[in-house]
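Q: predicted model and sequence below, questions to follow.
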Amino acid sequence: MKILLALGMALLMSTSAIGTAAAQATNNNPLSDVRVRQAIAYAIDMQTIIDTIFDGNAVKAVGMLPNGPFKNPELNPYDYNPDKARELLKEAGWDSNRTLEMVYYYDDQITANLMQALQAYFADVGINMNARLLTGDVAKTLGAIPPNPTDKSLVSWDLGYGARAAIVMQEYYNDYATGKASSDQFPGSPEMDAAIAATNASTDTEKQKEAFFAIEKLMNDNVYTVPLYYQQLFTVESDRMNRNGGAYGNEQFNYNWDVQNWTVEPDASGKHVFYTNGAPVDYFEHPWANLGLWVGNRFVFDRLLFANGSMTGIAGGDLAESYTISDDGKTVTLTLRDNIKWHDGEPITVDDVTWSFEAALFVPNLHGVVGKTLNALEGAADYMAKKAEHISGISTEGNTITLKFATLDPNVLISLSQFAPLPKKYFEGTDPTVLQQNAFWQKPVGSGPFKVDTVAFGDYASLLPFDDYFLGKPKIDQVVAFASADGDVNMVKNAAANRIDFAVTKVTSDVKALKDMPHMKLTPMDIPYTRMMWINTYDK
């Protein structure tokens with residue numbers, strides 16, 4: 001409790017609150033009482049945490065969506081107010097002997113410090129909390145929900161600290177739909193389902209804005225999740241590296257960054273070796289989950305279309321030479337290039353692409369934006385229900401793939417810019433629900449500018465240029481990527497030893513240390529990225 005309380009007690013307290021006279025728990029879980037969730041929000045002095053733990057390199061979050069055109073000015077900021085938190089807990093009959101379990105999956109020191117601060121703030125208002133770092137199958141631990149959304153929770157945590165790094169604004173909310181596989185803390189409600197549907201019903205910016213204002217207010221009033229802070233992404237580059245005019249953008253996802261034209265100064269032997277991070281710890285993760293985060297997603301696999309750097313439009317064709325989209329947005333055609341190959345020298349075919357679409361639908365941790373696009377295809381529901389052998393909305397002729405959608409997906413082109421097809425032949429006989437367990441992921445065969453050479457899991461991965469890459473052989477002789485999770489604990493050490501030429505970071509302690517290194521350059525970017533605290537409101 002000593003960590004930040006002395007710094008934060010003097011801040012101005014907000015007394016605004018939602019009426020709570022009729023509030024009560026909706027099931028046997030006391031966290032289902034909105035008053036308890038509001039108390040949790042009021043108990044946190046987030047601005048002091050930002051000023052101290054984060055060295056000011058973050059912005060206090062008010063809503064889930066980052067500051068911008070979709071920010072609702074009518075939201076309650078839940079400014080630090082421990083007295084209000086205690087009052088709400090008393091009204092709700094909170095049992096001060098109860099201990100909440102907080103889980104988190106970032107292993108950096110900043111997060112550890114944040115957990116201690118939250119524990120102290122909660123203790124000050126009468127909430128006991130233990131924090132636990134998740135290891136192993138994090139997705140399963142966070143996302144196990146009952147088949148019937150009204151049943152008791154299958155997860156063992158009460159609070160969870162994590163983030164949304166969104167491609168599109170709908171991504172902040174689609175996971176809260178009733179029965180959604182990744183809705184790991186919220187069993188759903190008719191009001192939330194209707195609000196989610198409204199945000200997906202139009203491509204018109206003004207109509208979307210109205211819908212986002214409504215859903216932000218619903219989330220804010222009910223505190224289904226506590227948004228904590230928004231943070232910039234920093235691209236980290238050494239003075240050895242040159243993008244040669246390549247664009248900067250949202251480096252967490254995929255866009256036309258022309259990595260094949262990047263160069264790096266040669267070492268003493270004359271070899272152009274490029275150092276980065278994001279290599280696998282245990283295996284290469286398939287590219288349909290964390291779409292652009294790891295070295296495999298960045299360098300080993302290519303997508304169907306090129307997005308622009310802000311993820312707001314399409315810059316052109318990638319594996320697809322061209323595309324068309326109908327006026328109603330419900331028919332898309334993709335024509336593959338003639339000269340594209342897998343790293344084993346075999347051609348990339350329309351069969352590879354269509355198989356990838358169909359397989360992805362069954363992959364448990366399919367990215368939500370891509371999943372929404374694929375589920376909107378004509379015949380997707382029958383295919384998923386095993387009533388059809390293939391998705392009827394997918395057809396091919398020569399090198400052209402036609403996608404017909406049963407319902408409008410406002411983000412279909414962005415999804416296609418993030419979707420990396422896989423070579424079908426390596427997955428013959430593999431159940432897509434356990435696709436990640438295929439031996440392929442020990443040394444995957446990709447389509448991008450670099451191919452996997454050698455891997456020492458948990459240590460490093462070596463990538464070599466793909467001679468037949470359709471945009472030209474890369475100018476870098478070798479990529480050496482060090483194993484890391486999101487939030488590389490060795491970033492500063494490796495940068496100081498000239499073993500980082502390119503990386504991205506959101507870790508504020510890294511930012512400060514890297515800025516002090518004369519051979520490193522940091523480029524900040526504002527991105528849709530919010531760190532938040534999930535609250536498990538399932539029946540206990």
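A: Everything's here; your move. This is a predicted model, so every value here is computed, not measured.
Q: dump the strand or helix carrying residue 395 to PDB, keeping only the CA atoms.
A: Element membership of residue 395 [criterion: DSSP states H and E] is strand 394-397. Taking C-alpha atoms only, strand 394-397 is exported to PDB below (Å, rounded to 0.1, in the frame of the first residue of the first chain):
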ATOM      1  CA  ILE A 394     -15.900 -19.100 -52.100                       C
ATOM      2  CA  SER A 395     -15.400 -20.000 -55.800                       C
ATOM      3  CA  THR A 396     -12.400 -20.000 -58.100                       C
ATOM      4  CA  GLU A 397     -11.700 -19.600 -61.800                       C
END
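Q: part of a helix, is residue 461?
A: No: Residue 461 sits outside any helix when classified using DSSP: H, G, I helix; E, B strand; the rest coil, being strand.
Q: could you check how far it is from residue 238?
A: Per Cβ to Cβ, to the nearest Å, residue 461 is found 19 Å from residue 238. To be clear about C-beta, it is placed using only N, CA and C from the backbone, and glycine gets the same treatment.
Q: which one's more surrounded, these two?
A: More crowded of residue 461 and residue 238, by other Cβ atoms under 10 Å: residue 461, with 26 against 20.
Q: chain neighbours aside, what residue packs nearest to that one?
A: Counting by Cβ to Cβ, 6 or more residues apart in numbering, residue 461 lies nearest to residue 279, which is 3.9 Å off, once chain neighbours are set aside.
Q: re the thing from before, report the buried residues of the strand holding residue 395.
A: With burial defined by 16 or more other Cβ atoms under 10 Å, the residues of strand 394-397 counted as buried are residue 394.
Q: and that strand, what does it pack onto?
A: Applying 3 or more Cβ pairs under 8 Å, 6 or more residues apart in numbering; DSSP states H and E, one finds that strand 394-397 makes contact with helix 350-360, strand 400-404.
Q: coming back round to it: the residue nearest to residue 461 pairs with what?
A: Residue 279 has these beta-bridge partners by DSSP bridges: residue 483.
Q: count the residues that sit near it.
A: Residue 279: 24 neighbours (other Cβ under 10 Å).
Q: one more: residue 516?
A: Around residue 516 there are 9 residues (other Cβ under 10 Å).
Q: need the contact list for it.
A: Residue 516 makes no contacts at all, as judged by Cβ atoms under 8 Å, 6 or more residues apart in numbering.
Q: distance-wise, check it relative to residue 496.
A: 10 Å.
Q: after the one helix or strand in the chain whose mean pLDDT sits lowest, which helix or strand is next?
A: In the chain, no helix or strand scores lower on mean pLDDT, DSSP states H and E than helix 5-8, which sits at a mean of 38. The first helix or strand that comes after helix 5-8 along the chain, using DSSP H and E, is helix 34-42.
Q: quick one: distance of that next one to the chain centre.
A: 26 Å (Cα atoms, centre = their mean, to the nearest Å).
Q: okay, the helix or strand just after that helix in PDB with CA atoms only?
A: Once the chain leaves helix 34-42, the next helix or strand it forms, by DSSP H and E, is helix 46-52. Extracted in PDB, the C-alpha atoms of helix 46-52 (Å, rounded to 0.1, in the frame of the first residue of the first chain):
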ATOM      1  CA  MET A  46      -4.200   6.000 -12.800                       C
ATOM      2  CA  GLN A  47      -2.800   9.500 -13.400                       C
ATOM      3  CA  THR A  48      -0.300   9.100 -10.500                       C
ATOM      4  CA  ILE A  49       0.600   5.600 -11.800                       C
ATOM      5  CA  ILE A  50       1.300   7.200 -15.300                       C
ATOM      6  CA  ASP A  51       3.400  10.000 -13.800                       C
ATOM      7  CA  THR A  52       5.500   7.700 -11.700                       C
END
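Q: which elements pack onto helix 46-52?
A: So helix 46-52, by 3+ Cβ pairs under 8 Å, 6+ apart, packs with helix 5-8, strand 59-60, strand 225-230.
Q: isn't residue 29 right up against residue 538?
A: Yes: the criterion here is Cβ atoms under 8 Å, and residue 29 meets it with residue 538 at 6.3 Å.
Q: overlap of the contact sets of the two?
A: Contacts common to residue 29 and residue 538, judged by Cβ under 8 Å, 6+ apart, are residue 153.
Q: between those two, point out the one with more neighbours.
A: Between residue 29 and residue 538, counting by other Cβ under 10 Å, residue 538 is the more crowded of the two (23 against 19).
Q: for the more buried one, phi and psi?
A: Per-residue torsions, residue 538: phi -60, psi 160 (degrees, to the nearest 10).
Q: so what's residue 503 up against?
A: 235, 236, 276, 277, 278, 488, 491, 495.
Q: ok so residue 452 is a strand residue?
A: Yes: the assignment for residue 452 by three-state DSSP puts it in a strand.
Q: ok, it to residue 188 distance?
A: Residue 452 is 41 Å from residue 188, where distance means Cβ to Cβ.
Q: how about the helices in the stretch 351-500 of the chain?
A: Taking DSSP state H, counting those that start in this stretch as the test, the helices found in the stretch 351-500 of the chain are 368-375, 380-384, 412-418, 491-496.
Q: let me have these in JSON lines, adding mean neighbour count and distance to residue 480 as columns.
A: Shown next, in JSON lines, are those (neighbours: other Cβ atoms under 10 Å; distance: least, Cβ to Cβ, whole Å):
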{"stretch": "helix 368-375", "mean neighbour count": "22", "distance to residue 480": "30"}
{"stretch": "helix 380-384", "mean neighbour count": "18", "distance to residue 480": "41"}
{"stretch": "helix 412-418", "mean neighbour count": "23", "distance to residue 480": "26"}
{"stretch": "helix 491-496", "mean neighbour count": "19", "distance to residue 480": "10"}
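Q: can I get the ones you listed in a markdown table including distance to residue 359 and mean pLDDT?
A: What follows is these, written out as a markdown table (distance: least, Cβ to Cβ, whole Å; pLDDT from 0 to 100):
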| stretch | distance to residue 359 | mean pLDDT |
| --- | --- | --- |
| helix 368-375 | 10 | 92 |
| helix 380-384 | 11 | 97 |
| helix 412-418 | 15 | 95 |
| helix 491-496 | 34 | 96 |
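Q: make CSV out of the ones you listed and add distance to residue 397.
A: What follows is the helices of the stretch 351-500 of the chain, written out as CSV (distance: least, Cβ to Cβ, whole Å):
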stretch, distance to residue 397
helix 368-375, 21
helix 380-384, 20
helix 412-418, 18
helix 491-496, 48
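Q: for those helices, which one sits closest to residue 61?
A: Closest to residue 61 of those is helix 368-375 (Cβ to Cβ; 19.9 Å).
Q: which residues in the stretch 251-400 of the chain form strands?
A: 263-264, 273-279, 305-307, 314-317, 320-325, 331-336, 394-397, 400-404 (DSSP state E, counting those that start in this stretch).
Q: need the residue closest to the centroid of this protein.
A: The centroid of the chain falls nearest to residue 165 when counting by Cα atoms, centre = their mean (4.1 Å).
Q: returning to that earlier point: wait, what's in contact with the residue nearest to residue 461?
A: Contacts of residue 279 (Cβ under 8 Å, 6+ apart): 294, 295, 455, 459, 460, 461, 481, 482, 483, 484.
Q: nearest residue to the last one in space, please, no chain neighbours.
A: In other words, residue 484. Nearest one to residue 484, counting by Cβ to Cβ, 6+ apart, is residue 277 at 4.3 Å.
Q: ok, now which ones touch that neighbour?
A: Contacts for residue 277 (Cβ under 8 Å, 6+ apart) come out as 295, 481, 482, 483, 484, 488, 490, 491, 494, 500, 503.
Q: now residue 504: closest residue in space, sequence neighbours ignored.
A: Closest to residue 504 by Cβ to Cβ, 6+ apart is residue 251, at 4.5 Å.
Q: ends of stretch 122-139, what's the gap?
A: One end of stretch 122-139 to the other measures 26 Å (Cα to Cα, to the nearest Å).
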